[in-house]
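Asker: Got a predicted structure here, sequence first:
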Amino acid sequence: MGIHRDLEVLNSQAQNKEDDNNVLRAKNGRGNTALHEALINGHESVAQYLIREDPEVSYYRNKENKSALYLAAKAGSVDCVSLILHFPPNSEHITEHFEGKSPLFAAIKGMNTDVLEAMLNVNPTLVQLRDSKGRTPLHYTASLGYLEGVRYLLHKYAPSITQRDNSGSYPIHLASINGNVDVIRLLLQVFPYPEELLDGDGLNILHLAAKNGRYNVVRYILSNLVLGELINMKDKNGNVRLHWASKEGHPKIVSALTWDKRVDIEAVNDDGMTALDTAEYYMKSNPQFRQRLTWAALTAAGTPRSLSRKTVGGQTSKESSNMENYKERVNTLLLVSTLVATITFAAGFTVPGGYSSSDTDFGIAAMLRENGFHVFVFCDTIAMFSSIVVAVVLIWAQLGDLALALNALTLAVPLLGLALTMMSVAFTAGVFLEVSKLKWLSIAVLVMGITFLAVLFVLLLPLCTPLTSTNQILRRLSYYSFHLLILATSS
């Protein structure tokens, strides 16, 4: 009843006032007309009435530069959009009303094909409309991954696939930047010559995918034999996609590229730098972990440094700051190894079950002949001596030499991982012995121990694996550890 009453009031007012002062065209503080407010609040029936009463107001813009047509398109209201377009203000200049906050781009953003179709049916030339960045509707649908919209626009005007925006990018470039593989696949069916589509910097879709960390696009291109020509193409500065992935620090993409035999890992750009040179050039004094993983992937693949490369900025000056960073790690590991040595040493003299008090076996462990006790002794002993070796190695690492510190850490981390694992097994075996008379509890202890040991193994494996080894066997063994680290860093 309230809506009908409002309609009657609006109708009477509309009939009694001149057009210039018509309440239907009046704006509030936000620049909204009654039609704007009806669409914003979802009153579609009121909006349709207002459109019929004064079609011209549908093209009025508020302070946000949004027309009622824009709001209707954004809301996906096909009926309102069709009704507005049925009353164009001036058929010769209708495209002016699709500029700025464009209703057409609002429909694309909302991925509403019905609204998009309604607009293009009224004026097919809108398919060639460009925004302030020079982008066409196909640029936007490709960027959003709006597959149905891409298919529809290609059907309406296929040549838009080869139209650039102001920066020189084609629709397929925006699809690559945003990781929209399905859109890329569709666009390549229409125009299967991606090597001819280069942006303003001479980058193809594989360059852009590597630069922006779009692993799914890189994987698709590498798996498509037809696109093999893209793999070692250079941009206008001589960079291949391995340079771009290394520069931006995308270890997963660098790994995928270096495992592909077709990729030239020795490629040199116009500055005389290989991908490894590029990675080191852009590494800070305290690089992010993904940058370290990128460097590790390149090193393990045997990527060389260029003999003629330009001096890598700041690398020698970074040695002292790197030494300080390594000292912090050394001190942390030294503290942990000392704690492990202390705990395992004490556990060796406070064995599970205590000591025998009989005359013949006085001072001998009461559970000496139990298998679980043997496990406890072996693991506790290994843990203690491993942690002691780690402590000694790390003392050497504090002598101030960077190479010595790196070698010490390479040895210390796996040994400390072994010590922590053995200490955990010793603890599980000791507790199991003490509760072995109660079957369900001893089984529960074993299950918990095995579960957490598995978790510990997964966490320690990437840290103990030689990620930078060029040995093919070790490199293959470290493949899964490498990807676990990538997963952990969300790279």
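Answerer: Everything's here; your move. Residues are numbered from 1 along each chain as shown.

Asker: for stretch 464-484, how far is the first residue from the last?
Answerer: With C-alpha to C-alpha, to the nearest Å applied, stretch 464-484 spans 12 Å between its terminal residues.

Asker: average model confidence for that stretch?
Answerer: Taken as a whole, stretch 464-484 has an average pLDDT of 79.

Asker: which residues are contacting stretch 249-261?
Answerer: The list of residues contacting stretch 249-261 from outside it, by C-beta atoms under 8 Å, 6 or more residues apart in numbering, reads 209-210, 213-215, 218-219, 222, 231, 241-242, 245-246, 263, 265, 275, 279, 282, 288, 290-291, 293-294, 296-298, 300-301, 303, 482-483, 486, 491. Glycine gets a C-beta too; all of them are placed from N, C-alpha and C.

Asker: can you map out the helices along the stretch 151-300 of the chain?
Answerer: With DSSP state H, counting those that start in this stretch as the criterion, the stretch 151-300 of the chain has helices at 171-177, 181-190, 205-211, 215-223, 241-248, 251-259, 275-281, 289-300.

Asker: counting contacts, what elements does the third one pack onto?
Answerer: It stands for helix 205-211. Helix 205-211 sits against helix 171-177, helix 215-223, helix 241-248, helix 251-259, with contacts defined as 3 or more C-beta pairs under 8 Å, 6 or more residues apart in numbering; DSSP states H and E.

Asker: repeat for the second one
Answerer: In terms of contact count using 3+ C-beta pairs under 8 Å, 6+ apart, helix 181-190 is assigned the packing partners helix 137-144, helix 147-156, helix 171-177, helix 215-223.

Asker: So for it, what gets flagged as buried?
Answerer: For helix 181-190, a neighbour-count test (16 or more other C-beta atoms under 10 Å) marks 181, 183-184, 186-188 as buried.

Asker: Any idea how many residues pack against Tyr193?
Answerer: Using other C-beta atoms under 10 Å, Tyr193 is surrounded by 9 other residues.

Asker: what does stretch 453-465 rub up against?
Answerer: Residues contacting stretch 453-465 (C-beta under 8 Å, 6+ apart): 413-414, 417, 420-421, 424-425, 428, 477-478, 481-482, 484-485, 488.

Asker: follow-up on the earlier one: got the helices and strands packed on helix 205-211 as TSV, with mean pLDDT, mean neighbour count and distance to Leu461 columns?
Answerer: Formatted as TSV, those follow (pLDDT from 0 to 100; neighbours: other C-beta atoms under 10 Å; distance: least, C-beta to C-beta, whole Å):
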stretch	mean pLDDT	mean neighbour count	distance to Leu461
helix 171-177	96	28	34
helix 215-223	94	19	22
helix 241-248	92	27	25
helix 251-259	92	24	17
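
Asker: mind checking which of these is nearest Ala142?
Answerer: Nearest of the helices and strands packed on helix 205-211 to Ala142, taken as C-beta to C-beta: helix 171-177 at 4.0 Å.

Asker: Does anything pack onto that closest one? Which helices or strands?
Answerer: Helix 171-177 packs on helix 137-144, helix 181-190, helix 205-211, going by 3+ C-beta pairs under 8 Å, 6+ apart.

Asker: ok now the longest helix seen in the chain, how far from the chain's centre?
Answerer: When the chain is scanned for its longest helix (criterion: DSSP state H), the result is helix 402-434. Taking the mean of its C-alpha atoms, helix 402-434 sits 33 Å from the chain's own mean (C-alpha atoms, centre = their mean, to the nearest Å).
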